[in-house]
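S.K.: predicted model follows, preceded by the sequence.
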Amino acid sequence: MKRILDLNGQWRFIHEMEMRPTNNHNLTGGGIPVYAYPQLNRRDWQLVGVPDVWSNYGARYEIYEGVCWYCRSFTVEGMTERTKAQICFKGVTYRADVFVNGKPAGWHESSYTEFTLDVTGLIQEGENFIAVMVDNRPLITKWPNDRGYFSYGGIHRDVFLELLDGTWLDRLEVTPELVDGTGEIEVRGVLNGKSGSVEVALDGESRSVGVAPDEEGRFSFRVSYPGAAEWSPECPKLSRLTVSYDGETYFDHPVGFRSFKVKDGALALNSRPCRLNGCCYVYDSPRYGLVMTEEQLRYDLSEMKAAGVNAIRTHYPMDDKFYDMCDEMGFLVWIEPTVYCYKPSLDEKNTAFARQDSVDMAYSMAEEMIFAARRHPSVVIYGIGNECNVEHPEAIDFFRGLAKLVREKDGTRLVGFAALYGLVGEIGELLDVIGLNSYWGWYDKISDVTGYKPIEEKEGLVRPEPVDLTEFHRMVETSLKKLPERLPILLTEFGADSIPGYHSSADDLWSEEYHAKVVKSMVEASRCHSRINGTFVFSFTDYTDPCKPFNGYWRGQNLKGMLSYQRDRKEPFYALREAYTKK
Ligand code: ADA
């Protein structure tokens, strides 16, 4: 039996007063920090809501980077000596050190993936106390250590306690797929107890499967449903799947069946050719920050639908709510761990590609990402990195290991990588699909980042700023020569920035009109190359971006959105809609 105790809601919160050294996280062997003690007088601690980001807790936390503490008490009833207890955090940015009843329970790094800590023996009957130390300092951040989006700080996704008693199933991994028109479901998990029968039911059609777990309780099996409905973005048909054991249901979710493969060098969804009319999505809500809420997601995804978008690429693993909504509304999704923009110089040794701690962490991010995403038909590509220096001598082994791990964990998705301006090295060999990120028509014009370019006048008339994509075509041709022929290509990033509300008759740089022109020209240009199977404009909305300096244009925000940060449609939105809906 499994019981779930929701730990969202009201917590107490404070920032740590003394500056903790960045290497002072390993608290398990040393003393317990005073903030973790249940008995501490906490009259200065603020009452806050969880999940949230701390920039919502007051002006002084708006850009705060440092260590903060969260705590709360909760009551547990019906504990027995054999009760297994575990706490699950769906997302804490960046590092979490967890203490239960004053004792260390474990830690986790990486902002966008979930982790579960076994707290059996720490949880007691009656009143309990949990404290979480959260550190978001860039100095401790291994991936990404370059930040093209704001990492925020805090417990930004759900938290809950699970209590397992008697016989139970746990760590269920359910992967549905369409194989030759038949719905196939792979089920893996852990069973405590001896062999028994696991019940699987798809829309009430049930199958009973005898399982004999190994010494660690692990089991796996497959079931088939020949009549299962096909899922696609145009017709996102979902069915209800339950997995039960001993009269108790442990999995109850909508699932969908589709296949997504490479056939003759092109992407095929359910064995039919498929073009991805995509956008990148760096989630950032003016109201909720990093917290993915039903209302913000539904608004953004509805606007994507309105623009004719059928595919979304994200820079990091998303909240379950996002995947659920993509399943329901019909989007094809590319997700990736935050192996992001890491570019050591070629002569640098012992880089994050080679250091054991950072390799382990990248690999565990990928595992955690797949654990959460595998049941969703919308997720079709696992990226293994974005704009890293793949030509660095230590890079290829790192990516080889990562690609291997991803395939072993879930062979039903394609493996991709988003390369910077055709910097593809040998990585093509490891992939099923490659992405090219490039901003022709943009960064080549504003490379001094002041963005200043006088408007040219000709015979008293202002000359519209042209978009010249000669270099883009050259980049595609050169990349194609370096890549295996079997590999479909996607444009995984392109675009320009525009100041929302800045309109110009000269289409000059930073205007919505020039931005719209780049978007339209790039989608059209992509169609000149048969190997390009789709485009992901960057990005669907404007968002907070610490890389973007205050230069009179950017003001700390990335302005590549089709929508402004406040979600007003910009001119590029209409250009994208025209390009994506044109037959
Ligand atoms: C890169 C990066 C994006 C974003 C973009 C930009 O391509 O992958 O996250 O930062 O640059 O706006 O320049």
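M.R.: Received it, and whenever you're ready, just let me know what you need. Numbering: from 1, shown residues only.
S.K.: need phi/psi at Tyr514.
M.R.: phi -60, psi -40 (degrees, to the nearest 10).
S.K.: over to Ala36?
M.R.: Torsion angles, degrees, to the nearest 10, at Ala36: phi -80, psi -10.
S.K.: same thing with Tyr439?
M.R.: Dihedral angles for Tyr439 - degrees, to the nearest 10 - are phi -120, psi 50.
S.K.: strands of the stretch 101-250 of the chain, start to end?
M.R.: In the stretch 101-250 of the chain, the strands defined using DSSP state E, counting those that start in this stretch lie at 103-109, 115-118, 126-135, 154-155, 159-164, 168-179, 182-192, 196-202, 205-211, 218-225, 239-245, 248-255.
S.K.: show me the contacts for the closest residue to Leu480 other than its chain neighbours.
M.R.: Nearest residue to Leu480, sequence neighbours excluded (CB to CB, 6 or more residues apart in numbering): Arg531, at 6.2 Å. Heads up, the C-betas are built off the backbone N, CA and C, glycines and all. With contacts defined as CB atoms under 8 Å, 6 or more residues apart in numbering, Arg531 is in contact with Gly265, Val476, Leu480, Leu487, Pro488, Ile489.
S.K.: of those residues, just say which sits nearest to Glu215.
M.R.: Glu215 lies nearest to Leu487 out of the contacts of Arg531, by CB to CB, at 41.3 Å.
S.K.: can you give the contact residues for stretch 479-490?
M.R.: Taking CB under 8 Å, 6+ apart as the rule, stretch 479-490 contacts 262, 265-267, 276, 278, 416, 419, 422, 424, 428-429, 431-436, 476, 529, 531-536.
S.K.: so which of these sit within helices?
M.R.: Using DSSP state H, the members of the contacts of stretch 479-490 that fall within helices are Val476.
S.K.: now which of the contacts of stretch 479-490 would you call buried?
M.R.: Buried members of the contacts of stretch 479-490, counted by 16 or more other CB atoms under 10 Å: 262, 266-267, 276, 278, 416, 419, 422, 424, 428, 431-436, 476, 531-536.
S.K.: taking those one by one, which sit in strands?
M.R.: 262, 266-267, 276, 278, 416, 419, 433-436, 532-536 (DSSP state E).
S.K.: and which of these is nearest to Phe221?
M.R.: Val262 (27.8 Å).
S.K.: I'd assumed Gly416 was in contact with that closest one.
M.R.: No: Val262 is not in contact with Gly416 according to CB atoms under 8 Å; the separation is 10.7 Å.
S.K.: mind listing the shared neighbours of the two?
M.R.: Residues touching both Val262 and Gly416 by CB under 8 Å, 6+ apart: Asp432, Val433.
S.K.: so for Trp45, which of the strands of the stretch 101-250 of the chain sits nearest?
M.R.: Closest among the strands of the stretch 101-250 of the chain, using CB to CB: strand 126-135, at 10.5 Å.
S.K.: buried residues, that closest one. List them.
M.R.: Asn128, Phe129, Ile130, Ala131, Val132, Met133, Val134, Asp135.
S.K.: which residues are contacting that strand?
M.R.: In contact with strand 126-135 (CB under 8 Å, 6+ apart) are residues 7, 16, 20, 22, 25, 33, 35-38, 66-77, 87, 92-102, 153-155.
S.K.: whichever of those residues end up buried, select them in PyMOL.
M.R.: The following PyMOL line selects those of the contacts of strand 126-135 that are buried, judged by 16+ other CB under 10 Å:
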select buried, resi 7+16+20+25+33+35+36+37+38+67+68+69+70+71+72+76+87+92+93+94+95+96+97+98+99+100+101+153+154+155
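S.K.: so of the contacts of strand 126-135, which ones are in strands?
M.R.: 67-76, 87, 92-93, 95-100, 154-155.
S.K.: for the stretch 151-300 of the chain, which residue gets nearest to the ligand?
M.R.: Scanning the stretch 151-300 of the chain for the residue nearest the ligand gives Val282, at 6.7 Å (criterion: CB to the nearest ligand atom).
S.K.: what's the local residue count around that residue?
M.R.: Val282 sits with 22 neighbouring residues when counted by other CB atoms under 10 Å.
S.K.: and the stretch 1-150 of the chain, which of its residues are near the ligand?
M.R.: Gly148 (CB under 6 Å from any ligand atom).
S.K.: and the pLDDT at Pro464?
M.R.: Pro464 carries a pLDDT value of 78.
S.K.: ok, the residue nearest to Asp246 when sequence neighbours are not counted - contacts?
M.R.: Using CB to CB, 6+ apart and skipping the chain neighbours, the partner closest in space to Asp246 is Thr167 (5.2 Å). Taking CB under 8 Å, 6+ apart as the criterion, Thr167 is in contact with Met1, Leu191, Asn192, Gly193, Gly196, Tyr245, Asp246.
S.K.: about what we covered before: ok, which of the contacts of stretch 479-490 also contact the ligand?
M.R.: Among these, the ligand is touched by none when using CB under 6 Å from any ligand atom.
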